[in-house]
Every structure is written in C-alpha cells, then in structure tokens.
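Asker: just need the structure, nothing else, for what follows:
(2 chains)
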Amino acid sequence: MSVVEMLIAMYAVSDVAKIFNKSDNRDRIIVSKGHAAAGTYCVMHEFGLISEEELLTYHKKNSNLLGHVSHGVSFVEHSTGALGHGLSVGVGHAIYLKSKKYQSRVMVLCGDGEIQEGSVWEALMLASTKKLNQLILLVDVNGISSIKSTEEIIYTGNLRDRFLGFGLRTIEVDGHDITAIKNAIETSSDAESPLIILCKTTKGKGVAFAEDQAIWHYRSLNDELFDQAMEGFA
Amino acid sequence: MRGVFLDNLFQRMEIDESIFFLTADMGINLVEKFEEKYPNRFLNVGIAEQNLIGVAAGLAESGMRPFVYTISNFLVHRCLEQIRNDIVIHELPVVLVGTSTGYDNGPLGPTHHMLEDWGIISNLAGMKIYAPFNKESATNIFEKVSSAVGPSYVRIAKGEGNRNIINQSKVNKKTKLVITYGSAVKSGIEFAESNNADLLIIDELGVGSFASLDESCLTYSELIVVEDHFSTTGMYSYVNQWTNARNLSIKVKSISPNNYSLNVGFEFNDFLNDTKGIGDQMN
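Answerer: Next up is the predicted model:
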C-alpha cells in the first residue's frame, strides 16, 4: 500500500502509449521491490496495461499474475522478487537510452529495506560515475524492513546525506502526494546526475489495523478483515 | 584461447553493432582496445560483479547482445542469483565469458579454484555451457554464442590448448574411452595414451554434452571421465545420466579433483600424476 501513489506517479508521467507499443524510446518502469506486485498490477490496470479480466486472476492458479512482479505479464519490464536487482537492470536500460540519445527515463522503485543490499550501491556508484541523468530511483521510505523497522536492523542514518555522498541529486517528498512525486520526477532532466526521490510513506497506508506493522508483510486478509479494510477507504 | 575468443569478438563488433562488451575491471592488456575502438559499446563497471550482471540484463532487454567478461570465480559464484533471475529467467542472449578453470589459478589458493562452476551453472535451465580446448575450438564456440538466442557460459582455460585435435577422435575402438574437456584435455590425452584408451574431447558441457555422447560410445566397456571439476556435478554425472537413460551397463569412472587444495603449486596434473589419487578414484 505504501507504493501506490509512487506507482501512479511513474505511470502518469510516462507516455503509456509508447509502453503499450513497446517503443524503443519508451520510459521504463522497473519495480525492484517485486513483492509490490498486487499494487503494481492494479495501477497498470488503471493505465490500461492490464485488463480487468486478467487482473481478477491475480494469484490464482494458471494466472500470469503471480505474487511477485513477473515479465510473464505484458508490459512488465523485468521480473523481480529477490531484492537488489532492479536498479542494476535499470542502469543497463539507462546506458542504452543514453547511447541512443533518447530522452526517455528509467524509473526504478525500491524499498528502504532493499537498500541494505550491496548491489544497490554498486549500481549507484556506476550510475553516478556515468552521469545517468535519465535514471530515477524512487525509494519507498516506509521505515519497515522485512521483519522489523529498518532502524532496528541496519542504521541508515540520514538517507539523503548518504545518497548525496554518492554524488546523487536527492529530493525528499511525501510519498503519498502524487503531484509532489510527479514534479520531482520531471526535474530529472535538469541535472547531470541520476535522481533519487526519497518518498516518505506509511506502510499499509489507509488500512488502520495494518499501518506501520511489519507483520503485514506476511499476513493475508480474510473476509472479515477485507471488509474492515474497505471501510477505511469508504 | 582467451585471446582468440576476444579477437573474434573484437572483429565481430565491427559488423554487429548490437554487441556490447562489459568487464568488471579485469582483462589488462586485453580489453583496452575494445574501449578505444568502441567506447559506446564498452563498459568497465568496476569491481562490482553483481551489478555487472544486472547491467548486462538491462542492455540485453534493450536489444543488445552483451558479452560479460571476468574471471570465472567472480562471475559464477558471486552472481548466481543475478545470473538466474536477471538473465536466465528472462532468456536473454547474454554471453558470460569466464576465464580460468580448474586449477588454472591453483597457486592463488582455494578461492580461485574453479572446480564446481559449470556444475552450478548447468542447473540453470536454458543456459548453454561451452569449454574450448584449443584455438579452433574457441573460434567455433564464439560463432555459436554470438548468434545464440539465449544465455551462454563460456569457460575458457588458460593457455593455447591442444593443437591438432578434433572433437570426435575416438577412432581406434579400444575397450576404454576417455572423455575430457577444457584444461583437463592435456591430462586426458596422457591418461588415454598410458591406459590404451580412445579419446573423446567435448566442448559443450551439461545437457549439451549428450550430443557428443553418440552411438559410437555404446561399444565401449568403460568410460573414464577426466575433468578439472568435481565429479558430482561434472561430466562424470552427465555421462552417468546418459548411460542410465539408455539402461546401459557400461562402467563409468571418474578422474577428477575431490577437494580444494591449500598447497601452493597444486594443479590438475599433480592430481592426475598422483598414483594414489588415481587409484582411489579408479577403485
């Protein structure tokens, strides 16, 4: 739930027709935190990239809509599920776009727990060195890692300072403010550096009984809890 | 063999603009010409192998054909998850070029012994695995991987390999057949000669090796695999799979390393020439 607005913003700033046509110069969206599949597929549906019929097969037998983001679903750029992969792949796409002198962007969404993976920082060092300003990393700063809060697992200090230290332009926004995220993305062409957007979010946003609780990484809704959750959105 | 493979690659980049060369800061005096002539299709990602694979995947998804170069142990062991998830699952035409095999780097210690690399890789469905044994073989393999539709791993041993050898050299029809590949070929030849056995050198490993184990192998009473790789996941295992699938009673024996070594200077030939070691394996 913490990434929904980030996903909406990424697709909203993109030329979805180019994604639909798989144009060589399309914007690329890579959801590195692949466990956000349900949210990703719902947003893709809203932008016309997944039919309602297919969406309703989510997590059912024989569906391509698995529990982690899969390239078995049309218009998904890359399958993810193990953390720390998406940014490197995004760097590859960004290098390609730059070599072709395309102006399109690569937007990678990852979690603030995910950035504990060393490969993320390998990718950032290269992206910074190569001045891949078409690369945008949106970090879902919900403060929760896998089983505990991020600060209880790995002290990340001031995230902004860490990214700045890698020579990366860094912006902090309210991760539930679609306009703010869109505006931040649109500044990516202003500088020579890749852009980091730290999106401050609340895990389980809008579902009172699940907000900010790591255990909801692992729980499923039963009928009663589903109704209770939906009341929060009424 | 490494130089021949890279020379082929360098020349092909002239006519195939989809080829992209990546290294993780390896290949001194070999890779510089790539950067000089093809700066837009060359990338040294630094000492960051996980990123190396991910970047290659992104380039391949964009329609490029990446050749990824570093020494085998940094390529395979550290990056297994990236190779599996980012390349193999996506069926991308990325060519992993790993140099040094077996005990090529024996004196550098067990972190540099390559005794299980292709066995690990062979578990990744769809990955082709090749091991050149001389310059001609390196060129032939280059031709295959440069037009492959899926991923490949090329395991290149140090040195020039063995001249004047063809794959199917089992012509004498003795009762024993030595099967070998890569840097073990020299030892395999010596072993075949001293044991009155015919010789089969293969350059495609894993399930791809089954094509080399043709009907002519059926007439032997004993197949002896000489390899610079653990037998459990090496060619010994695949030869056994091949005979089992045909319900054959041919004996399959292994001459292979069975552990890492902490001794400076230990190399494959030491193992092969160690009578006790061979005796242990053969009995």
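Asker: rest of the way, CA atoms for contacts and neighbours
Answerer: Fine.
Asker: mind listing the helices for the chain?
Answerer: The chain I'm using is chain A. Secondary structure of chain A (DSSP state H): helices at A:4-13, A:16-20, A:37-46, A:52-55, A:86-99, A:118-129, A:150-153, A:159-165, A:178-186, A:223-233.
Asker: please go with chain B instead
Answerer: B:2-15, B:32-37, B:49-61, B:72-76, B:80-82, B:117-121, B:135-145, B:185-194, B:235-245, B:268-273, B:275-282.
Asker: what does chain A put close to chain B?
Answerer: Within chain A, the positions near chain B by CA under 8 Å from any CA of the partner chain are A:24, A:71, A:78-80, A:85-93, A:95-96, A:99, A:119, A:122-123, A:126.
Asker: how about low-confidence regions in the stretch 101-250 of chain B?
Answerer: The model of the stretch 101-250 of chain B has pLDDT under 70 over residues B:163-172.
Asker: so what's B:Ile156 closest to, chain neighbours aside?
Answerer: Leaving aside its sequence neighbours, B:Ile156 sits nearest to B:Thr99 (CA to CA, 6 or more residues apart in numbering or on different chains; 4.8 Å).
Asker: next up, the contacts around the one you found.
Answerer: Counting by CA atoms under 8 Å, 6 or more residues apart in numbering or on different chains, B:Thr99 touches B:2, B:69-72, B:155-158.
Asker: B:Ser249 now?
Answerer: B:Ser249 neighbours (CA under 8 Å, 6+ apart): B:Thr243.
Asker: how much space between it and A:Ile147?
Answerer: Look at B:Ser249 and A:Ile147: by CA to CA, to the nearest Å, they are 54 Å apart.
Asker: so what's A:Gly143 up against?
Answerer: Applying CA under 8 Å, 6+ apart, the residues near A:Gly143 are A:112-113, A:149-151, A:202-203.
Asker: touching, B:Thr101 and B:Leu115? I think so.
Answerer: Yes: counting by CA atoms under 8 Å, B:Thr101 touches B:Leu115, with 7.3 Å between them.
Asker: so what sits against both of those two?
Answerer: The contact sets of B:Thr101 and B:Leu115 overlap at B:Asp228 (CA under 8 Å, 6+ apart).
Asker: so which of those two has more stuff around it?
Answerer: Legend: neighbour count by other CA atoms under 10 Å in any protein chain shown for B:Thr101 and B:Leu115, higher for B:Thr101 (28 against 25).
Asker: I figured B:Arg65 hits B:Phe20, correct?
Answerer: Yes: at 5.9 Å, B:Arg65 counts as touching B:Phe20 under the criterion of CA under 8 Å.
Asker: so how far is chain B from the spatially most central residue of chain A?
Answerer: With distances taken as CA atoms, centre = their mean, A:Leu109 lies nearest the centre of chain A, 2.3 Å away. Distance, A:Leu109 to chain B, using CA to the nearest CA, to the nearest Å: 15 Å.
Asker: ok, that residue to A:Ser99 distance?
Answerer: Counting by CA to CA, the gap from A:Leu109 to A:Ser99 is 23 Å.
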